[in-house]
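Engineer: Make a model of this:
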Amino acid sequence: MNSTSKKAAIEIRGVSRVYGAGNAQVTALGGVFLNIQENEFFTLLGPSGCGKTTLLRLIAGFDFPTSGEILLYGQDIAPLPPFKRPVNTVFQNYALFPHMTVAENIGFGLQMLGKPKAEIKARVEEMLELVHMTAMRDRQVSQISGGQQQRVALARALAPKPKVLLLDEPLSALDYKLRKEMQVELKRVQAETGITFIFVTHDQEEALTMSDRIAVMSAGSVRQVGNPWEIYDHPAERFVANFIGETNFLEVEVVSVEGGSAKVRLRSGKEIPATFPEQTTPSGKVTIVIRPEHAALSERTDDAPLSGTIESIVYLGTDTNIGVRLDGGTLFNVRQQNSRSGPCGYSEGQTVGIKLSDDVAQILKD
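Structural biologist: Numbering: from 1, shown residues only. Down below sits the predicted model:
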C-alpha cells in the first residue's frame, strides 16, 4: 500500500462528539482531523476511553458527530443512517447468528439487500474461499472455533463489497497464538480485496504488525499519525513514546540545531546527536527517548556517553532486559538479543558503559 496516494477514502474534518450538557458534559472527541487513503490498512490505536471506538461508530453511522464532517470519497456521510453508507463493521463479539450455518451467515447481508439467489451463492463461495472456510460451509457457527467464527464475521462483512470495512477490536477474544495467526490473515485479506480497512485496537504490537499507518489517540484527540516505523522510532510526544513499546526518557540540554538534527548534552557532560519532530525547533532543556534495543552495553565506561551499575537482568527468551542505574540515578533499560552461546555475559552490580549510535535519540515535543 502506498500511503502517499492522494485519493482519500475517508476524510475526518474537525469531528467532535460531546455527550451530556452543563456540568455533566463529556467530550469524547475534540476536533479530530484525519485522511485515510484508499486501499489502506489504517489503525486507530490508544488506551480505553481515548475516543477510538467513538470515531469508528461515527464513521459507521451508529452515532452522529456534534460538529464536523465525515467524507466518504468526497461525499458527506455524517447525516446518513448506517444502512445508507457503503461501510460494514466487524464487531468484537462477531454478532453471528447461531442458528445459521457458516454459508447462511455469510449470505445474510446479501439477502437483506435483495440480491438474486445465484449472485448470493457465487459471492458466498468466493468469500468462503477467501477466508479458507469452504470445507465448513454447512457447519453451525456454534460448532466452530473462535478463530473460525472471526473468519465468518469477516467474510459476512466483506460479502456486500463495502468501500470501507471497520473492525472494532475483532481479535481481542482470541488467545495469543491464534491472535497472531489472524493478524497475518487479516492483512492478507485486506491486500487481496483492496478494501480500505479501519482497525481499532489498544494492542501496540497488533497495530505495528498489521498497519500501513497508525493514528495514536489519547483523550479524544489524535496525537500522532505515521507508518509503524515512524510511530515507533520517531515518536513526537511523550504519550506516544510511552504507549508504544518500552523506552528510556532522559533529560538533556540542546547545544545546537542544524537542519533536521540537534546536538544535545547529557547529564554526564557528553554530547550526542538527536532528531526532532517536524515543525519544531528544540531549545533549552528537553526530553529525549531511546529504545532499549537501540543501546548496547560495554565493559568500558571511558568511551561511552552513559555509564552506570547493572541493577537487574531479566531473561525474556528471545532477549534479555538489563536495567542499568545511571550515575545520575536514572534507570536505563538495555535490551540485548540472546544467542545460543549462553547468558548475556554481564552480572548484577557490574559497572558498565552504554553505547549509542548516531540515529537512536529522538527529542520530544513535550
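
Engineer: rest of the way, CA atoms for contacts and neighbours
Structural biologist: OK.

Engineer: Tell me the spatial nearest neighbour of the residue positioned nearest the centre of the chain, not counting adjacent residues.
Structural biologist: Geometric centre of the chain, nearest residue: Ala207, 2.9 Å, by C-alpha atoms, centre = their mean. Once flanking residues are discounted, Ala207 sits nearest to Thr43: 6.3 Å by C-alpha to C-alpha, 6 or more residues apart in numbering.

Engineer: Can you tell me the element the one you found falls in?
Structural biologist: Taking DSSP states H and E as the criterion, Thr43 maps to strand 41-45.

Engineer: other SSEs contacting the helix or strand following that strand?
Structural biologist: With elements assigned by DSSP H and E, the helix or strand that comes after strand 41-45 is helix 52-60. Helix 52-60 sits against strand 26-37, strand 87-90, strand 164-168, strand 196-201, with contacts defined as 3 or more C-alpha pairs under 8 Å, 6 or more residues apart in numbering; DSSP states H and E.

Engineer: Could I get the pLDDT score of the residue nearest to the centre of the chain?
Structural biologist: Looking at Ala207, its pLDDT stands at 94.

Engineer: One more: Ser307?
Structural biologist: Each residue has a pLDDT score; the one for Ser307 is 95.

Engineer: Doesn't it belong to a helix?
Structural biologist: No - counting by DSSP: H, G, I helix; E, B strand; the rest coil, Ser307 is not found in a helix; it is strand.

Engineer: and Leu154, which of the helices and strands packed on helix 52-60 is closest to it?
Structural biologist: For Leu154, the closest of the helices and strands packed on helix 52-60 is strand 87-90, at 6.3 Å, according to C-alpha to C-alpha.

Engineer: Name the residues that touch the closest one?
Structural biologist: Strand 87-90 is contacted from outside by 60, 153-154, 157-158, 162-168, 170, using C-alpha atoms under 8 Å, 6 or more residues apart in numbering.

Engineer: residues contacting Arg300?
Structural biologist: Counting by C-alpha under 8 Å, 6+ apart, Arg300 has contacts Val352, Gly353.

Engineer: For it, what are phi and psi?
Structural biologist: When read as degrees, to the nearest 10, the backbone of Arg300 gives phi -100, psi 140.

Engineer: what does the domain assignment say about the protein?
Structural biologist: What automatic domain parsing lists as the domains of the chain is 8-238, 246-363.

Engineer: so which of those is the most packed in?
Structural biologist: Of all the domains of the chain, domain 8-238 has the most neighbours on average by mean count of other C-alpha atoms under 10 Å, namely a mean of 19.

Engineer: ok so, going back, downstream neighbour of whichever helix or strand the residue nearest to the centre of the chain is part of in the secondary structure list?
Structural biologist: Per DSSP H and E: Ala207 is located in helix 204-210. Next helix or strand after helix 204-210 toward the C-terminus (DSSP H and E): strand 213-218.

Engineer: List of residues touching that next one?
Structural biologist: 3, 40-47, 49-52, 207-208, 222-228, 231, 240.

Engineer: Just the angle for that strand relative to strand 196-201, thanks.
Structural biologist: Put simply, strand 213-218 runs at 40 degrees to strand 196-201, going by axes from the mean of the first three to the mean of the last three C-alpha atoms, to 10 degrees.

Engineer: Can you dump the C-alpha atoms of strand 213-218 in PDB for me?
Structural biologist: The C-alpha trace of strand 213-218 is given here as PDB (Å, rounded to 0.1, in the frame of the first residue of the first chain):
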ATOM      1  CA  ARG A 213      -0.400   3.800   9.000                       C
ATOM      2  CA  ILE A 214      -1.400   4.300  12.600                       C
ATOM      3  CA  ALA A 215      -3.200   7.200  14.400                       C
ATOM      4  CA  VAL A 216      -2.300   7.200  18.100                       C
ATOM      5  CA  MET A 217      -5.100   8.600  20.100                       C
ATOM      6  CA  SER A 218      -5.500   9.900  23.700                       C
END
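
Engineer: Cool, thanks, signing off.
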